[in-house]
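Participant: show me how the following folds:
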Amino acid sequence: MKIGLAAFKVKDITYDLNKIHAAIKDTDAEILIFPEAYLQGFCAMTFDLDHDLKIAKDIDDHIFVELKELTQRYHKALVIPYFEKDEEDIYSSCAFIAYGEILYNYRRMSDGWKIKEAPKNYKEGDSSSSIIYKEREFKVALCGDMFTDTRPYKTSGILIWPIYVNFDIVTFERSKSEYIQKANEASKDVLIVNALDDDPIAHGGAFYIKDCKLEKCLPYDEEDILIIDI
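Facilitator: Now for the predicted structure:
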């Protein structure tokens, strides 16, 4: 199975959707995975609830109708992290979309995506489930989840781990061994992808960790899709 890790620059929903369209059309990967909160961009949240409820999207939004249609048209799957609106609440979520359906909508369980002063409407999920796609098992963790508790993400299948970090490259390199260690606690096959961003500066990067070793990676500051064959 070919899986693509899209270390793309984030700007806004229109720009990011166009990048998703181009990627699913032009890439031969069976699954395309995007960085944490990719749909709106991680920094889209202001923690002004009225403002953020206009940016967050519920799973019935026309954007997800569009994304579901793309998976049908191209016979591929999309893993799209986004800010989810559920009535008056907001979550950092991740939709696994295939066959024209949302197979699973994961809600981040760790609270590091929000400021401490955020209203109670900014919430976390409380469970992690497996997804079966083309007879392969997957689980999803978002960024800080794996540094809170790796147990909910243990799987004999493949762990998908979208992140958003704006470390400088030296810090990122120094922390790489910790990411590898955490990955190994959950799965033998772990896929990590980070975004590129201008403000704050995020250097991107995509990583395939297999059996506690960095098997393949995309260079920092390179906007591209890392193809993994698992």
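
Participant: how about Ile63: what's its closest non-neighbour residue?
Facilitator: With Cβ to Cβ, 6 or more residues apart in numbering as the criterion, Ile63 has its nearest non-adjacent residue at 5.7 Å, and that residue is Lys57. (Each C-beta comes from the backbone N, C-alpha and C, glycine too.)

Participant: for the protein, just list every one of the helices.
Facilitator: All helices of the chain, identified by DSSP state H, fall at 13-26, 49-55, 62-74, 145-148, 169-186.

Participant: so which of the ones you listed is nearest Glu223?
Facilitator: helix 13-26 (9.2 Å; Cβ to Cβ).

Participant: which other helices and strands does the closest one contact?
Facilitator: With contacts taken as 3 or more Cβ pairs under 8 Å, 6 or more residues apart in numbering; DSSP states H and E, helix 13-26 sits against strand 2-7, strand 31-33, helix 62-74, strand 77-86.

Participant: could you check the angle it makes with strand 77-86?
Facilitator: Counting by axes from the mean of the first three to the mean of the last three Cα atoms, to 10 degrees, helix 13-26 lies at 160 degrees to strand 77-86.

Participant: where's helix 13-26 relative to the chain centroid, distance-wise?
Facilitator: Computed by Cα atoms, centre = their mean, to the nearest Å, the chain-centroid distance of helix 13-26 equals 15 Å.

Participant: could you do stretch 151-158 as well?
Facilitator: Worked out by Cα atoms, centre = their mean, stretch 151-158 lies 16 Å from the chain centre.

Participant: try stretch 104-124
Facilitator: Centre to centre, stretch against its chain (Cα atoms, centre = their mean), the figure for stretch 104-124 is 15 Å.

Participant: do the same with stretch 190-209
Facilitator: The chain centroid and the centroid of stretch 190-209 are separated by 10 Å under Cα atoms, centre = their mean.

Participant: so for it, what gets flagged as buried?
Facilitator: Buried residues in stretch 190-209, counted by 16 or more other Cβ atoms under 10 Å: 190-197, 202-209.
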